[in-house]
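Undergrad: here is my input; please provide its structure:
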Amino acid sequence: MSSSPPNPSLLHSDVRSLYSDHHGWLVNWLRRRLRDTDNAADMAQDTFLYVLGKPEQVARLREPRAWLSSIAKGLLIDRFRRQQVEQAYLNAIAHLPEQDMPAPEERLILLETLTRIDALLDGLKPNVRTAFLLSRLEGLGYQAIAERLGVSLSSVEKYMATAIRHCFLARNAL
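TA: Numbering: from 1, shown residues only. Okay, the predicted model is just below:
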């Protein structure tokens, strides 16, 4: 016996109800954490934009506020990490001569690329992440990485295998 796909109008009705029942609560919850009404409202909207992509989950919710706060926390973490990446990038280019400064379009592309790389490497242990970045960004060989990190060559080989596997799995999850 096959089940029929959910009725789209019912799903949208569920999302609409979730929004009307919990939007105000979510904005207040975010305002307490951010101490900023405008950013809280923006993050609440981002949370519900995410929810729009998951309407089938709304119908099964038992704890809507727990789900919404979990989504919002993830979005806050993403936002914080993006701000950190952006600040590090701006610090890195701040000392460039004006003629070497990337154009605004290039800056956006580079920042987006750096943010995606950061997200892709999220969850790796510091030595694994550092070994991967030294290999890929600085072009160091495994022996040079081992010397820089003060670990054995076999450790670097394990780090790289872990990082490559992690990136492969993370990329396939996208």
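
Undergrad: going by C-alpha atoms from here, please, whenever you check contacts or count neighbours.
TA: Noted.

Undergrad: quick one: low-confidence ranges for the chain?
TA: 1-12, 173-174 (pLDDT under 70).

Undergrad: for it, which segments count as strands?
TA: Counting by DSSP state E, the chain has no strands to list.

Undergrad: contacts only, for the spatially most central residue of it.
TA: For the chain, the residue nearest the mean C-alpha position is residue 78 (4.3 Å; CA atoms, centre = their mean). Neighbour list for residue 78: empty [criterion: CA atoms under 8 Å, 6 or more residues apart in numbering].

Undergrad: could you number the chain from 26 rather than 1 from now on?
TA: With the count now opening at 26, the last piece we talked about shows up as residue 103.

Undergrad: all helices for the chain, in order.
TA: 33-59, 62-77, 80-83, 89-118, 129-146, 151-163, 167-174, 178-198 (DSSP state H).

Undergrad: mind listing what's buried in the first one?
TA: Looking back up the chat, that one is helix 33-59. Burial within helix 33-59, assessed by neighbour count using 16 or more other CA atoms under 10 Å, is assigned to 36-37, 39-40, 43-44, 48, 50-56.

Undergrad: residue 167 against residue 181, yeah?
TA: Yes. Assessed by CA atoms under 8 Å, residue 167 is found in contact with residue 181 at 6.2 Å.

Undergrad: quick one, which of these two is more surrounded?
TA: Neighbours per residue (other CA atoms under 10 Å) separate residue 167 from residue 181, with residue 181 holding more: 25 against 21.

Undergrad: so residue 110 sits against residue 142, correct?
TA: No. The criterion here is CA under 8 Å, and residue 110 misses it with residue 142 at 10.1 Å.

Undergrad: report how many residues lie close to residue 151.
TA: 11.

Undergrad: any idea how far residue 63 is from the residue nearest to the centre of the chain?
TA: Residue 103 sits 18 Å away from residue 63, going by CA to CA, to the nearest Å.
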